[in-house]
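Student: Just the structure for this:
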Amino acid sequence: MEVRTRSLNPPSRLTCLVTGGAGYIGGHTVLALLDAGHQVVVLDDLSTGFRWSVPNNAKLIVGDVGDFDLVCRVIRTEKITSILHFAAKTVVSDSFRDPLGYYLTNAVKTQTLLAAAASETISNFIFSSTAAVYKSSESLVSETQNVQPQSPYGRSKYMAECMIKDVGAAHNMRYAILRYFNVAGADPKGRNGQSTKNATHLIKVAIETALGKRACMEIFGNDYPTVDGFAVRDYIHVADLANAHVLALNRLQEGSESLTVNCGYGRGYSVREVVDVVKAVTGHDFEIRLAPRRTGDLASVVANSEQLRSVGWIPHYDELPTIVRHAYQWELELASERR
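Tutor: A predicted model of the protein is given here:
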């Protein structure tokens with residue numbers, strides 16, 4: 001185990017443990033928590049995250065979220081009151097090739113983290129879940145819709161959801177389960193962005209192709225039962241998603257009931273529409289190559305986000321060109337090799 005200590009901000013309202021906080025979504029949530037005045041301790045094994053993405057006013061502990069003794073020690077030493085759990089494997093197609101790896105990382109290690117949280121009487125637990133717990137739908141999907149995950153990834157996340165609900169009930173631990181739709185964009189202030197190597201996220205791949213980092217862009221399937229034949233998704237700006245976590249944390253701390261909410265805008269865009277926006281924002285045309293559908297990809301998944309909005313969430317970056325522009329600015333930053 002490696003520990004790196006950095007100076008923290010003056011005392012803030014809550015001290016939060018953020019697993020996977022050196023990654024994309026976790027990293028942006030760390031920024032949002034710090035901006036809100038909370039103290040943050042990041043636990044990350046750096047298998048996909050980056051040291052530089054953890055701000056100087058947070059503490060980074062390099063270690064495994066599945067290490068029960070380590071997690072308990074961190075909770076006690078750092079006086080953690082709340083856990084935000086992002087550490088996970090997240091690629092749908094990869095989960096079919098490595099289901100055991102996904103069940104280990106997303107389900108088994110979540111069980112270990114929950115055991116530590118229960119042992120140390122953690123008050124609040126916020127979980128990074130996914131729209132992959134749903135099946136394809138022509139209408140907006142709500143939290144009350146029957147959960148029918150279509151991939152090992154989706155099933156591993158739903159297993160974790162079930163454990164969180166049961167542990168929460170048994171140990172008086174409040175929880176928030178946030179089911180993300182397609183996350184994209186970058187910090188509007190330019191402090192962080194998606195830096196994953198060999199990324200599979202549509203907007204990042206399209207921008208990399210526009211910048212010449214990729215020779216062409218593959219689109220998987222144009223025979224879906226949608227208006228233009230391409231898969232449809234609901235894209236949410238990572239900064240709006242990070243703020244949803246802070247809102248959920250504050251509500252739990254105030255004593256609100258546990259909740260499970262969709263995180264999306266309720267508007268769907270096809271792959272073709274997204275590519276067209278990327279071309280318009282970047283000013284670059286690029287080659288598209290059609291490929292067969294990938295196993296586990298759904299035709300259409302768009303959020304009913306009324307429940308999240310009803311608890312006070314107000315998105316600020318909910319236009320697709322804005323999402324793409326912030327992602328593009330971050331890719332230019334990466335291309336400058338300043339990161």
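
Student: from here on, contacts and neighbour counts on C-alpha atoms
Tutor: OK.

Student: how near is residue 33 to residue 241?
Tutor: In this view, residue 33 and residue 241 are 12 Å apart by CA to CA, to the nearest Å.

Student: Kindly report the same for residue 66.
Tutor: 25 Å.

Student: who has more neighbours, those two?
Tutor: More crowded of residue 66 and residue 241, by other CA atoms under 10 Å: residue 241, with 24 against 19.

Student: Leaving out chain neighbours, which residue sits closest to that one?
Tutor: In this structure, residue 241 finds its nearest non-sequential neighbour in residue 263, 6.8 Å apart by CA to CA, 6 or more residues apart in numbering.

Student: gap between that neighbour and residue 324?
Tutor: Distance from residue 263 to residue 324, by CA to CA: 18 Å.

Student: Just confirm residue 86 contacts residue 125, I think it does.
Tutor: No. Using CA atoms under 8 Å, residue 86 makes no contact with residue 125, being 11.1 Å away.

Student: Common neighbours of the two, please.
Tutor: Counting by CA atoms under 8 Å, 6 or more residues apart in numbering, no residue touches both residue 86 and residue 125.

Student: ok so, going back, surely the residue nearest to residue 241 and residue 179 touch.
Tutor: Yes. Contact criterion CA under 8 Å: residue 263 and residue 179 qualify, at 5.7 Å.

Student: if we can go back for a sec, so which of residue 263 and residue 324 has more stuff around it?
Tutor: Comparing residue 263 with residue 324 by other CA under 10 Å, the one with more neighbours is residue 263, at 33 against 27.

Student: Show the backbone phi and psi for residue 200.
Tutor: phi -110, psi 0 (degrees, to the nearest 10).

Student: per-residue pLDDT, residue 6?
Tutor: pLDDT for residue 6: 38.

Student: do residue 107 as well
Tutor: For residue 107, the predicted pLDDT is 99.

Student: And for it, the neighbour number?
Tutor: Residue 107 has 23 nearby residues by other CA under 10 Å.

Student: pretty sure it is touching residue 162, no?
Tutor: No. Using CA under 8 Å, residue 107 is not in contact with residue 162, being 9.9 Å away.

Student: starting at the chain centroid, how far to stretch 311-318?
Tutor: Relative to its chain's centre, stretch 311-318 lies at 16 Å (CA atoms, centre = their mean, to the nearest Å).

Student: got the CA positions of it in CSV?
Tutor: Only the C-alpha atoms of stretch 311-318 are listed here, as CSV (Å, rounded to 0.1, in the frame of the first residue of the first chain):
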residue,chain,number,x,y,z
VAL,A,311,-35.1,16.5,-5.2
GLY,A,312,-33.6,19.7,-6.5
TRP,A,313,-31.2,18.7,-9.3
ILE,A,314,-30.8,21.5,-11.9
PRO,A,315,-28.5,20.7,-14.8
HIS,A,316,-26.4,23.5,-16.3
TYR,A,317,-24.7,21.9,-19.3
ASP,A,318,-27.6,19.9,-20.9
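
Student: what about the residue nearest to residue 135 when sequence neighbours are not counted, which SS state?
Tutor: Distance criterion CA to CA, 6+ apart; nearest residue to residue 135, sequence neighbours excluded, is residue 148 at 5.4 Å. At residue 148, secondary structure determined by DSSP: H, G, I helix; E, B strand; the rest coil is coil.

Student: so where do the helices sit in this structure?
Tutor: For the chain, the helices defined by DSSP state H occupy 24-35, 68-78, 92-97, 99-102, 109-119, 152-171, 202-210, 238-253, 271-282, 306-310, 320-335.

Student: Not counting its neighbours along the chain, what's nearest residue 58?
Tutor: residue 40 is the one closest to residue 58 (CA to CA, 6+ apart), at 5.3 Å.
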